[in-house]
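>>> Only the shape, not the letters, is given here:
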């Protein structure tokens with residue numbers, strides 16, 4: 001009961017699937033070439049920002065966000081607690097936000 005309420009506050013139920021950039025195909029009524037190039041540049045900037053993170057944070061981001069693995073699995077694989085995984089992810093997201101808004 002408590003977890004259900006917490007998940008609704010965190011909006012887990014509103015999560016959208018991730019689409020690879022290769023899955024976007026230009027069409028007559030689709031995004032323009034400029035939009036696709038801007039999206040690709042954002043992806044490159046994000047990858048650069050992820051590479052600036054420390055190894056543990058980078059691993060947590062890759063497993064939790066990109067591979068969409070549960071926090072318990074990530075914690076077990078890294079030998080840390082679930083709470084520590086959550087803290088690392090939170091701090092990594094804050095660092096990524098700062099990195100992406102610079103420049």
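It's in. Keep in mind the model is a prediction, meaning the values are calculated, not measured. Residues are numbered from 1 along each chain as shown.

>>> which regions of this structure sit below the pLDDT cut-off?
For the chain, the stretches flagged by pLDDT under 70 are 1-19, 21-28, 103.

>>> separation between the spatially most central residue of it and residue 40?
For the chain, the residue sitting closest to the mean C-alpha position, by Cα atoms, centre = their mean, is residue 65 at 3.9 Å. Distance from residue 65 to residue 40, counting by Cβ to Cβ, to the nearest Å: 19 Å. (Glycine included, C-beta is placed from N, CA and C.)

>>> Where does residue 45 fall, secondary structure wise?
In this structure, residue 45 is located in helix 33-52 according to DSSP states H and E.

>>> surely residue 82 meets residue 75?
Yes: counting by Cβ atoms under 8 Å, residue 75 is a contact partner of residue 82 at 4.6 Å.

>>> between these two, which one's more packed in?
residue 75 (19 against 14; other Cβ atoms under 10 Å).

>>> thinking the more buried one is in contact with residue 87, fair?
No: between residue 75 and residue 87 there is no contact under Cβ under 8 Å: 11.2 Å.

>>> what sits against residue 59?
Neighbour list for residue 59: residue 78 [criterion: Cβ atoms under 8 Å, 6 or more residues apart in numbering].

>>> May I have the secondary structure class of it?
What DSSP: H, G, I helix; E, B strand; the rest coil gives for residue 59 is helix.

>>> From residue 79, how far out is it?
Distance, residue 59 to residue 79, using Cβ to Cβ: 12 Å.

>>> now swap in residue 51 and tell me
Remark: distance between residue 51 and residue 79 (Cβ to Cβ) = 23 Å.
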